[in-house]
Every structure is written in structure tokens, then in C-alpha cells.
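Colleague: model this:
(2 chains)
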Number of protein chains: 2
Amino acid sequence: MNDMTQTPEMLIAAMAAKARAASNALTQISDEEKSRGLMLAAQALRDHGDAICRANMQDMENAAERGLSSALLDRLRLDDARIEGTASGVEQVAKLDNPLGEVIDETHRPNGMVMQRVRVPLGVIGIIYESRPNVTADAAALCMRAGNAAILRGGSEAIESNRAIHAAMAEGVSAAGLPTDAIQLVPTTDRAAVGAMLRAAGLIDLIVPRGGKSLVARVQEEARVPVLAHLDGMNTSYVHASANPDMARDLVVNAKMRRTGICGATETVLFDKDFKATKEVIGALIDAGCAVRGDDAIQTIDTRVTAAQDEDWDTEYLDAIITAAQVSGIDEALAHIAAHSSGHTDAIIAEDGAAAERFLNAVDSAIVMWNASTQFADGGEFGLGAEIGISTGRLHARGPVALEGLTTYKWIVRGTGQVRP
Amino acid sequence: MNDMTQTPEMLIAAMAAKARAASNALTQISDEEKSRGLMLAAQALRDHGDAICRANMQDMENAAERGLSSALLDRLRLDDARIEGTASGVEQVAKLDNPLGEVIDETHRPNGMVMQRVRVPLGVIGIIYESRPNVTADAAALCMRAGNAAILRGGSEAIESNRAIHAAMAEGVSAAGLPTDAIQLVPTTDRAAVGAMLRAAGLIDLIVPRGGKSLVARVQEEARVPVLAHLDGMNTSYVHASANPDMARDLVVNAKMRRTGICGATETVLFDKDFKATKEVIGALIDAGCAVRGDDAIQTIDTRVTAAQDEDWDTEYLDAIITAAQVSGIDEALAHIAAHSSGHTDAIIAEDGAAAERFLNAVDSAIVMWNASTQFADGGEFGLGAEIGISTGRLHARGPVALEGLTTYKWIVRGTGQVRP
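Modeller: Presented below is the predicted three-dimensional model:
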């Protein structure tokens, strides 16, 4: 059977089988060798910078011919600085602590058996992404650092760039004696290959979508393989009656306006009716260029506030727009968040520690914050060194996910001949 | 809209909404109160033992009329001893350590922010089970002890027993002031309700099937909600050249024959060609009443060994039958296990510690054992105090799963007004 008759399912199954073998082979390879492979891969990215730029230029020309938006063209574009950034990102991952082999816990049984839970690689990870070619290197590095094999499926508009980056990564990994099947790029731009990855339960252990909301929604809808992702960052900052007015102003403006397009941006602000400086915070938002849509009480406070519609309370603007409401107290704030939060990041601004602790306990989101900007929702800012994504799912890994989320554990039992009575 | 027009999806969505509210309410209730609720539930099971037995008798009569098998009738049957066993099982769960609130790790950032990962309930858990009515109490107790709400769907043949047990549990839980919606029994025996549970992604956080292989297979095939389960226990015991002959004999006979019907039973034994007592171990298996199906080498060793067919190497017998093969060494043993294991439990019997450690590292199963019987694959034997099931999945929880597997974590960030630069 030749390639012309190979279905997307056959392609993905064959890649996954090679990936499984590579991930098994990686268990016999030391952490030092894996790090060395990534250091060599980073160097190969630099060495082949010209070839990567040429490949990228071809993608850019094709994309321009197809009339792609300037925002998309910017995401697609590579230059020396971006390639250097990608290479140093791979080096940074190479220098992270080894996540494998950690003994999570150990139990000594009365019969003398010793049980350990030991951290091991997850296995085969599928990465489905859009126009940014750097994900080819970033995601592959994180997967390999945790002993996994990666199957990479980038956007069709970035195929030449991805091929060039993948070739450089493979060269480095191979030079360190690591299996190149641990980093595989889906060779076709056929969209059916994405569907085949999403249905490859048992062959691929985890799918990580990296891209916009429509990609994540499609992946979550179709996948039979577990997915690590978040769809929305419908985040709220709640200003408690006890909040320090200056801190509240600085935090709310930063949480909304520092970068409006990231998933950690605050989309709704709730003001306690007994907070005395609501007018100042609203004014600071408007002065910073933010449109404020409010409920009746907030509209009364500042005439520049427009009326929020029902759908506003569930809209992730990713823009310089915020919804603002007044609440009667912490109970109403908690009820609002329970009804509208997407479970990503929610914050309380308060001097009253008891109120803050109650909020931290009661809000059921991946990240809950006290007196901090929701814009900190990021693996790097959390000290994880890198990030494969942020998960709003409740199983396996929650919030910012880096190396540990790309591992699992096994039980190792050491006996001395015990039989079960 | 009345009940006659309520679809299974509407029923499950309504139950899940009540369950979510109950699980949120449980976060505000102390561990002591949850334990007390379970102790009172155990007492209510005893107090209503007669009513439970009467309900069970009705199920038994209906089942006998429908001509159900004696094995199924035995699983369905309740008596005073079984009810006492169920009640004391609930008490045991009430006495387990609180799994919630544990600070998994804590990071102090240079900017002064402190991040903690804190263990919290998973949320809403669906339990789908067959004829054993005790699961109604066991599973509900484990879910509640970890702060979760349970939606219970037992076998239609056990509906009266399950209703009576559920009523007793609800009485105890309610007497302790806990929300009774935390333990809900699906009121209908309509099989479509199972499908609705399996599709309730976002409403139910985890499905745990408890029952035979056909139930687990259906659940794994249809579910859009994550599933915690194992389908097969295709377990291997590998007798290394260095194994102590007496230990090898005792372990292999116990691993296969102690109870042949449990998922931890060994189904294949591999003998190293340099192991000197293969004949004695095979003889001991046959003497213990086990049929041995072997490859050519094993057939030569004992004429009572019959020829194994291709499918034998992938068959979970759950019976007094074992497949036996000779391997040239640890590499061939590892390759056999990689090809045939279901990832449940695999063991090496060896005095050579280096060989054993290599096996423990290389075998990619939920449980790997050295010099112990695979029959120990059980949450109780692992010191977990109880078990909701054994998972061969790679995400979230692997191997025997008890309270910790019914939790997740959230990130709690405490700042002092930090804005992101």
C-alpha cells in the first residue's frame, strides 16, 4: 500500500507507534542526555537560522497571496531575534529540574512490602497549534524534557517554517543519540490528520491545543483523547469593602489593561457597595483607555459608563472593555463568580484577611488570588520555568501546566517473596 | 413540563446541577462534619437493615423470575452479614485521613507573591455499576469523604435494594446537616440515563464504572466525560534466571491461583531459559489445579502442558488457566510484556537486584512488582484504606485509586498588591 492510499488514521497510527517506541526508549536514557539533546537542538536552531528564515519567507509569501490578516502574518513571521528567542527558550527548558524519578510517596506495609509512587513520563503527546512556528520547538522541548514523545501538528500556513524548525530540532536531538521519533511533525497539511489525532485514544495520551478559541473549541468538541486546555478566561476581580483604595486602583487597572489579549486578563470587576473609592477605580480604568459597561449602580457613579447587556457578564472581551457591577457583599460576589467564571483565575482585593481566606476557599477556579493582578496567571510567573498551557479542566493538572503536568506516576512495589493470604 | 416529557439528558442535567451545588456547599463544611455524616449513615444502614433486606428480597424475586444466573443472584443478594460489612466499610471510610486542604507545594516568588497548590474536591462524580447493591454505600462514602457529590446509577435488577440503601445513607447524611444532594441515586432504570451520564461533559467531572468488562468497555467507548477504570488485567509474572526456586513457585502459584477471578491475577508466566526450576513451578501450578498452555519449550518440559494459541497471549482468563513461555532473557521478557500487557500489574521474580531494577524502570504499567504476588494489586493492600477502582489510564490517577484520586488541586496566590510589569 503506497502513500496515496494511506488514510489520515493510518498515518497517525504509524506515527503514534513510532512515538510510543521512542518514549519507551527515552526511559532508558539519562536526564543528562535529554538535556544535552535539547542544548544541541537549540544550537541547531541558531546554526540553521538562515534556512529557517528562508522557509518562513516562503510561508509569508504564500500567506500574503492568500490574503491572510496582518495579525496572522505577524504571528507567522520569524526573524533572527525570534529564532534566538526560540533557541534560548529551548535551552531554558533543558536547564529545568528533571521532573522524572521523583518518589511522590512511599508506604511500608506490615508484611514488609514497600510501595513507592514514582514520577514517569506521560507517553505520547499530541500538540495541535496554529500559525506561530516557535511552538514547534517550545512544545517539543517541554515534551522531551519530561521523557515524552511529541506529535506536532502546526497550522498549514506555517508548514515550511515548521519543517525547517523541526529539521533543526531533529538534528540536535539525533546528535545527542536520542530517538528522533520522539519529535515528529505531521507531514501533511490535510485537516483530516487533526481529526485522526483527536480520535487516537490509546495511541496518543494527551492532546494540547495551542491557539485561538475556535481551535480549542474544535479540539474539546471532537477529541476522544484527553485534552489539556482552557477555552475562556472569564476572570473576575472583586474589590472587597476593606480594600486599600490605591491598591484596588492599581490592581484593577493592571489586571484589565496591562495586556488585554491574554487569558489572564480580568473581564469583570465587582465592587462591594461599602467600598469607598469605586468612582476612583472606574475613573482610572476610563483614563487608561478602557470602556466600562456597568450595572445601574455603576452607571450612576460615572456617567461615562454604558449599560452592560446580559451577555456582557459572560463575554471574554480580550480587549479594552470591562464589565463592572456593584455587589452587596462577599456572598453576592461569590454567587456572581460561581455563575459566570470560566474557572480560570479570579481574585479578591481586600485588607480583611478573613474575607480573603473565605474567598480563596470558596471560589472553585484553577487559580484564586488575593491582592494580586490576574495577569500573573502564567507558568513563568508561577515559577514553573515554562508553560505548555493553562488548564481549566479538573483532572490531572489544573492552572498553569509545565513539566509535572506532562508526567504521570507508576507504583513500584518491592517485596521479599510475599504471597497474598 | 412534567416528568413524562423529561428526557434522560434533562434528568441528568438537573441531578448534576443539584450535585454541583451540593459539592460547593460541602467546601464550607468541616471534615469532622463529613466524617460524622458517614458515621450516622453507617448507623442508619444498620437501623434499616430489615427494610433493606425486604427491598433486596423483592429484587431477588424479580431477578429469579427473569431467570438471572446464580452468579448474578449471589452478587445481588444481601443479608445481615453483608449489610454489616457495608456499614463497617462506610465507617472505615469515615475514619480515613482527610484528603482535602493538603498543601501540595508552595513557591515564594521574588516579587513576594506566595503560590500554593492546595488539594480540593474533584466535584461531581458519576458511579455506574451493576448488581452489587453495596456499591451504593461504598462509592457514595468515598466520594463524600473527598468532598464530592456522587450520582449513583446501579443495575436495574438491584433498584429496590439501591433505593433502600440510598434512603438510609441520605438519612444519616441529613442528620449531620450535610446536603443530601451530595448523594443522589438515578431514579429511573431506563438505560438511556447511563448514556446521558456518559455524555454529560462539564456537568459530571469523572465517571467510575464498577462492574464487568462489558460495562467498562461500553463506558470507555461512549463516554465524553473522563473515565477512571481498567478494562483488562493482562498481568505477567517473569521468573528471572536468578530467582529463588521456592519463592518463584510460591509467588507464581499464589499470583495465579489464590483467586483466579480478580483483576490482579497473573495470566502469563515467563520463565528465563537459565532459570533451573521451571519444571517444578509448572508442576506446582498443575498440582494446584491450573491448566497450563505453553510455547514449544514449556510443552517439552512437562507433557501435561497444552499448546498455547496466538490469542492465548492476550487473553485475560480470570480462571484456573495460565499461559507460559520461555524467554531468552530480560530483553525478551520486556518485549513480551510491552506487546501483551494491559498496563495493570506486572512482576519480576529475581534475586539479581540490578535486573529487578531494570525491569521496574522499563515496564510501563500502573503497578510493577519485584518479588511479590500480583494478587496484591488492591487499594486496601496498598495501604490506601479503601479503593474506588484501579486505573490503567495514564492521566490523573494510576493503579489503585482511593481518596486522593477523587480530588484535584487549585492554585492559591497570596500577594500584597503586586501588579505585573
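Colleague: indicate the residue of the stretch 1-150 of chain A located nearest to chain B.
Modeller: Here the stretch 1-150 of chain A gets closest to chain B at one residue, A:Thr107, 4.5 Å apart by CB to the nearest CB. Every C-beta, even on glycine, is put in place using the N, C-alpha and C of the backbone.
Colleague: how many neighbours does whichever residue of the stretch 201-350 of chain A sits closest to chain B have?
Modeller: With CB to the nearest CB, the shortest gap between the stretch 201-350 of chain A and chain B falls at A:Asn254, namely 3.7 Å. Neighbourhood size, A:Asn254 [other CB atoms under 10 Å in any protein chain shown]: 24.
Colleague: then A:Gly415?
Modeller: Neighbours of A:Gly415 using other CB under 10 Å come to 22.
Colleague: distance from the chain centre to the helix or strand that contains it, please.
Modeller: According to DSSP states H and E, A:Gly415 maps onto strand A:407-418. Relative to the centre of its chain, strand A:407-418 is centred 32 Å away, using CA atoms, centre = their mean, to the nearest Å.
Colleague: got the residues of the stretch 51-200 of chain A near chain B?
Modeller: With CB under 8 Å from any CB of the partner chain as the criterion, the stretch 51-200 of chain A comes near chain B at residues A:Thr107, A:Arg109, A:Met113, A:Met115, A:Val120, A:Leu122, A:Gly123.
Colleague: got the phi and psi for the second one?
Modeller: Which is A:Arg109. Backbone torsions for A:Arg109, taken as degrees, to the nearest 10, come to phi -90, psi 160.
Colleague: list the contacts of it.
Modeller: Applying CB atoms under 8 Å, 6 or more residues apart in numbering or on different chains to A:Arg109 gives the contacts A:Met115, B:Glu381, B:Phe382, B:Gly383.
Colleague: how about the closest residue to the second one other than its chain neighbours, secondary structure?
Modeller: Once its chain neighbours are removed from consideration, B:Glu381 has its nearest residue in A:Arg420; the separation is 7.0 Å (CB to CB, 6 or more residues apart in numbering or on different chains). A:Arg420 falls in the coil class when you classify it by DSSP: H, G, I helix; E, B strand; the rest coil.
Colleague: hang on, isn't A:Arg420 packed against B:Arg258?
Modeller: Yes - when contacts are counted by CB atoms under 8 Å, A:Arg420 is listed as touching B:Arg258 (5.6 Å).
Colleague: overlap in contacts, the two.
Modeller: Shared contacts of A:Arg420 and B:Arg258, counting by CB under 8 Å, 6+ apart, come down to B:Ser373, B:Gln375.
Colleague: ok, whichever residue of the stretch 251-400 of chain A sits closest to chain B to A:Gly343 distance?
Modeller: Residue of the stretch 251-400 of chain A nearest chain B, by CB to the nearest CB: A:Ala372 (3.1 Å). Separation of A:Ala372 from A:Gly343 (CB to CB, to the nearest Å): 18 Å.
Colleague: more crowded one of these two?
Modeller: Counted by other CB under 10 Å, A:Ala372 and A:Gly343 do not tie: A:Ala372 has more neighbours, with 32 against 25.
Colleague: what bridges to that one?
Modeller: Beta-bridge pairing of A:Ala372 under DSSP bridges involves B:Gln418.
Colleague: how many other residues sit next to the residue lying closest to A:Met234 once chain neighbours are set aside?
Modeller: Spatial nearest neighbour of A:Met234, chain neighbours left out: A:Ser342 (3.9 Å); criterion: CB to CB, 6+ apart. The number of residues packed near A:Ser342 is 20, by other CB under 10 Å.
Colleague: helix, strand, or coil at A:Ser342?
Modeller: What three-state DSSP gives for A:Ser342 is coil.
Colleague: got it, and the one 4 residues further on?
Modeller: Secondary structure assignment for A:Asp346 (three-state DSSP): strand.
Colleague: next: A:Leu270.
Modeller: At A:Leu270 the chain is in strand, as set by three-state DSSP.
Colleague: before we move on, what about A:Asp138?
Modeller: Per three-state DSSP, A:Asp138 ends up helix.
Colleague: A:Glu221 and A:Val252: what is the separation?
Modeller: In terms of CB to CB, A:Glu221 sits 34 Å off from A:Val252.
Colleague: more neighbours, the two?
Modeller: Comparing A:Glu221 with A:Val252 by other CB under 10 Å, the one with more neighbours is A:Val252, at 29 against 11.
Colleague: which residues touch that one?
Modeller: Going by CB under 8 Å, 6+ apart, A:Val252 touches A:Ser237, A:Val239, A:Thr266, A:Val269, A:Val281, A:Ala284, A:Leu285, A:Ile349.
Colleague: highest neighbour count among those?
Modeller: Ranked by neighbour count (other CB under 10 Å), those have A:Ile349 at the top, with 34 neighbours.
Colleague: what sits against that residue?
Modeller: Neighbouring residues of A:Ile349 by CB under 8 Å, 6+ apart: A:Ser237, A:Tyr238, A:Val239, A:His240, A:Ala243, A:Asn244, A:Met247, A:Ala248, A:Leu251, A:Val252, A:Trp370, A:Asn371.
Colleague: 7 Å instead, please
Modeller: A:Ser237, A:Tyr238, A:Val239, A:His240, A:Ala243, A:Met247, A:Ala248, A:Leu251, A:Asn371 (CB atoms under 7 Å, 6 or more residues apart in numbering or on different chains).
Colleague: farthest-separated two in those?
Modeller: Comparing every pair within the contacts of A:Ile349 by CB to CB identifies A:Tyr238 and A:Met247 as the most remote, at 13.4 Å.
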